[in-house]
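A.B. asks: Test case, fold it:
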Amino acid sequence: MDFTKILRQAQLSGCLQLVDTPLQIIPDEVYQVNVLMFDTRGFYENKEVTKFIIKNCGLTQISADISLIDQLKVVDLQSNKLQKIPTFNLQNLVYLNLDNNKLFQFPDLSQLPFLEQLYINKNLLQGSVAIDHNSLKIIELSGNKISSIQIQAPQLHEFKADHNIINQVEFNDQSLLKLDLSFNQISTLVLDNLVRIDDLNLESNKLNINEQFQKTISTLSAKIINLSSNNCQCIFIHMFTCKNLVELYLKYCHVNVFDFSQSQELSTSVMKKSKLRFFDLSNNDLQEVAPELGISNQINKINVIGNPMRKMAKLLQVDGDKMKNYLIDKLPINHFYHQKLTYKPVEEFQEAMQNQIQIVQTQQKRQQEQAEQQSYIPSKRVPQQNIAQQKTQDELDYEEYLQLKYGQQSKQQVQQQIMQRQMQQQQPRAVEQPKIEYQPFVPQQQQYKQSQVVNPLQQQLVIQDVAEAEIDLQHILSAEQIQQFKIINVPIQQEFFEKITKRLSKYNSLQYFYLNRLHKIQEIHLNGVNNLRNLEIFQMKSLQFVCLQNLPALQQLIVSQTHLVELQVQNCPQITQVQLKSNSLDQIPENLFQLRNIIELDVSGNQIKQIPDEIQQFAQLQVLNISTNQIRIIPNSVGKLRNLQQFNFEGNIIIKPSAAVQKRGGIALVEFLRGE
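C.D. replies: Model (predicted):
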């Protein structure tokens, strides 16, 4: 091979480069590149060679004469067959790449005082490796057979030695920012010196991630920590005190429980301050995750795929806000998180309201004095001393009154209601006109509280804005002639709710059942309500499962703004309208395809990924809304819906049919699928 052209080009560019050219030994003339004279007329254009690149050439050896090219800053010899590297005396060398060779021994770096980057990945290095260098910033030794490493490099920022057989590591460096020791055999590791670490990867080792190890992790400043494929059966709150942690990976760790029992106040404080956004717990033994995770303001994704959980796994895959709300709803009602949210704002609210009341009282006093002066009527005001005494007595009765009437409501709700009443009572009025209210006569045996009303003319039962303790269950169970039944914003428990729904089969006249804001209900089962025609469910943020059986008259089904992940419908042949908007469904419920009379189907605002071919079984379908999901392909089976008049698919990232077809609108797209 004639190297004249290569060397001449190197003198002009300062880079000697040879790639993908068979070459076992480098000719001696190459090492003389800086002193050779090929053209005396252009010698003044020559540059010192600073880059020496010979890649993928089959090179088997290299001479120490490379030191003759004394201005080299870059030496790249990757993808060759080098088995040994001589001692280079290159005082200016900054970059050395020996990847994909056959080196058995770690090279001597003593004559490379300014070396900053060293790459010896995918070689045959084995045994112990000791590195003592003052300038190295990046070291990569991945894919070798190294068993132990000792590093003394005060400027080191990145160290990567994954896929070795390392069982012992010693660091004396406090400047390390990125450390990758994944896929090794490390059982113990001292992390005290990693005070500046930003990215820590210890995946697939033999570490026992116990409580003490997690406490050590909590002292780090890392943003990304990967401890997957180690042994970590229990996760403690200490793990989340890592102040800068953004991503945490604990896959394949046999995790089966969270232990946040040390202190509810501590766990609430820690999770409030946590910066964690992504938490990977896939393929463990968890049946549920700690609800305290929802307290975090930053958490956006928790991956629990491959764990023995069903409904929670689906709910944790939804967007961040829904996921956090679901987890917070799982917290016990007496948890410190609720106390912190409830009492402190109430105290502040009380103080503000008291100040406002004093202002209103002062205004009212002035107004009364002006009225007395104008009318010359002697004042009949109650002495201030008596007013103060009466107010004190009210305060003494306040706690007892609260306990009896509002025991099941939160303190915040009670305080707000009382303060609002006080404000209304204290509002100044220039002229107070008498009010006359006409009320229809109601027999004594039919008088009920305002929150639990039966209208005998319309045969309607409404339960709204009332505590569970105030609900007359016996009265509800005996009201079998009603046609409409509404339960709105009532904090009833699942067990209490099931007592009501089981009784509905006796309501032979019930046609309309409406549920709204029953936030503690997770499941709804209805069976054998023979005349029920309309079922509407709204804003039940804990609802996950709905099962409807033997409802022969049901025509309209609406479940909207819930966490619904599963719907079962059996023996409900008359359903014509189904609205399942803004839930957590990942597919169109299979049971719906048995319903042949559906005219309208709305599944917008879910996480549905595909439309099954069974959609064509809706022969009567006229309105189909699949907007705001995760659908990418609209199948040809949609084109077989011959009666379809409205089709909404906006808010999906659809790749088929093409964008040009999509721009023409829903019906045009359906016609395209039909081949029209």
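
A.B. asks: Please parse this structure into its domains.
C.D. replies: When the chain is parsed with automatic domain parsing, its domains come out as 1-124, 208-332.

A.B. asks: Mean neighbour count added to those, as a markdown table?
C.D. replies: All C-beta atoms are positioned from the backbone trio N, CA, C, and that covers glycine. Compiled in a markdown table, these are given as follows (neighbours: other C-beta atoms under 10 Å):
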| stretch | mean neighbour count |
| --- | --- |
| domain 1-124 | 16 |
| domain 208-332 | 18 |
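
A.B. asks: Format those domains as JSON lines; extra columns: mean pLDDT.
C.D. replies: Shown next, in JSON lines, are those (pLDDT from 0 to 100):
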{"stretch": "domain 1-124", "mean pLDDT": "88"}
{"stretch": "domain 208-332", "mean pLDDT": "88"}
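
A.B. asks: For Val578, find the nearest of these.
C.D. replies: Proximity to Val578 (C-beta to C-beta) singles out domain 208-332 among these, at 19.9 Å.

A.B. asks: From the chain's centroid, how far away is that closest one?
C.D. replies: 11 Å (C-alpha atoms, centre = their mean, to the nearest Å).

A.B. asks: coming back round to it: kindly present the domains of the chain as TSV, with separate columns for distance to Glu369.
C.D. replies: Formatted as TSV, the domains of the chain follow (distance: least, C-beta to C-beta, whole Å):
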stretch	distance to Glu369
domain 1-124	86
domain 208-332	51
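
A.B. asks: For Thr562, find the nearest of those domains.
C.D. replies: domain 208-332 (9.9 Å).

A.B. asks: Next, count neighbours for the closest residue to Ser505 other than its chain neighbours.
C.D. replies: In space, and not counting its chain neighbours, Ser505 is closest to Gly528: 4.0 Å by C-beta to C-beta, 6 or more residues apart in numbering. Gly528: 14 surrounding residues under other C-beta atoms under 10 Å.

A.B. asks: what's the closest of the domains of the chain to Lys137?
C.D. replies: Lys137 sits nearest to domain 1-124 of all these, at 4.7 Å, using C-beta to C-beta.

A.B. asks: Leaving out the residues flanking it, which one is nearest to Phe497?
C.D. replies: Here the residue nearest Phe497, using C-beta to C-beta, 6+ apart, is Ile521, at 5.4 Å.

A.B. asks: for the residue lying closest to Val19 once chain neighbours are set aside, phi and psi?
C.D. replies: Counting by C-beta to C-beta, 6+ apart, Lys55 is the residue found nearest to Val19 once chain neighbours are left out, at 4.9 Å. For Lys55, the backbone dihedrals (degrees, to the nearest 10) come out as phi -120, psi 140.

A.B. asks: check contacts around Lys55.
C.D. replies: Lys55 makes contact with 18-20, 76-80 under the criterion C-beta atoms under 8 Å, 6 or more residues apart in numbering.

A.B. asks: what about 7 Å?
C.D. replies: Lys55 makes contacts with 19, 76, 78-79, as judged by C-beta atoms under 7 Å, 6 or more residues apart in numbering.

A.B. asks: Secondary structure element holding the closest residue to Lys273 other than its chain neighbours?
C.D. replies: Nearest residue to Lys273 in three dimensions, chain neighbours excluded: Lys243, at 7.6 Å (C-beta to C-beta, 6+ apart). Here Lys243, judged by DSSP states H and E, is contained in no helix and no strand.

A.B. asks: For Ser274, see how far away Lys243 is.
C.D. replies: From Lys243 across to Ser274, the span is 9 Å (C-beta to C-beta, to the nearest Å).

A.B. asks: Can you report how many residues lie near Arg642?
C.D. replies: Arg642, neighbours per other C-beta under 10 Å, totals 11.

A.B. asks: let me fix that: Ser509
C.D. replies: By the measure other C-beta under 10 Å, the count of residues near Ser509 is 12.

A.B. asks: Hmm, it is touching Gln483, no?
C.D. replies: Yes: the criterion here is C-beta atoms under 7 Å, and Ser509 meets it with Gln483 at 5.2 Å.

A.B. asks: Please enumerate the shared neighbours of those two.
C.D. replies: Shared contacts of Ser509 and Gln483, counting by C-beta under 7 Å, 6+ apart, come down to Gln459.

A.B. asks: Just say helix, strand or coil for the closest residue to Ile26 other than its chain neighbours.
C.D. replies: Closest residue to Ile26 apart from its sequence neighbours, by C-beta to C-beta, 6+ apart: Ile62 at 6.2 Å. For Ile62, the assignment made with DSSP: H, G, I helix; E, B strand; the rest coil gives coil.

A.B. asks: need the contact list for Ile62.
C.D. replies: 26, 77, 82.

A.B. asks: which one of these sits closest to Ile667?
C.D. replies: Using C-beta to C-beta, those come closest to Ile667 at Leu77, 64.7 Å.

A.B. asks: Quick check: phi and psi at the closest one.
C.D. replies: phi -120, psi 30.

A.B. asks: hey, what's Gly127 bridged with?
C.D. replies: Ile146 (DSSP bridges).

A.B. asks: how much space is there between it and Leu156?
C.D. replies: Distance, Gly127 to Leu156, by C-beta to C-beta: 21 Å.

A.B. asks: what about the two, which has more around it?
C.D. replies: Ranked by neighbour count (other C-beta under 10 Å), Gly127 and Leu156 place Leu156 first, with 26 against 12.

A.B. asks: Contact partners for that one?
C.D. replies: Counted by C-beta under 7 Å, 6+ apart, Leu156 has contacts 136-137, 139, 173, 175-176.

A.B. asks: Buried residues, stretch 583-597. List them.
C.D. replies: Neighbour-count burial for stretch 583-597 flags 583-586, 588-589, 592-593, 595 (criterion: 16 or more other C-beta atoms under 10 Å).

A.B. asks: Now flag whichever of these is closest to Lys145.
C.D. replies: Nearest to Lys145 among the buried residues of stretch 583-597, with distances taken as C-beta to C-beta, is Asp586, at 45.0 Å.

A.B. asks: State whether that closest one is indeed within a strand.
C.D. replies: No: read with three-state DSSP, Asp586 is coil and lies in no strand.

A.B. asks: With adjacent residues omitted, what lies nearest to it?
C.D. replies: Counting by C-beta to C-beta, 6+ apart, Gln607 is the residue found nearest to Asp586 once chain neighbours are left out, at 5.0 Å.

A.B. asks: SS state for Phe497?
C.D. replies: helix.
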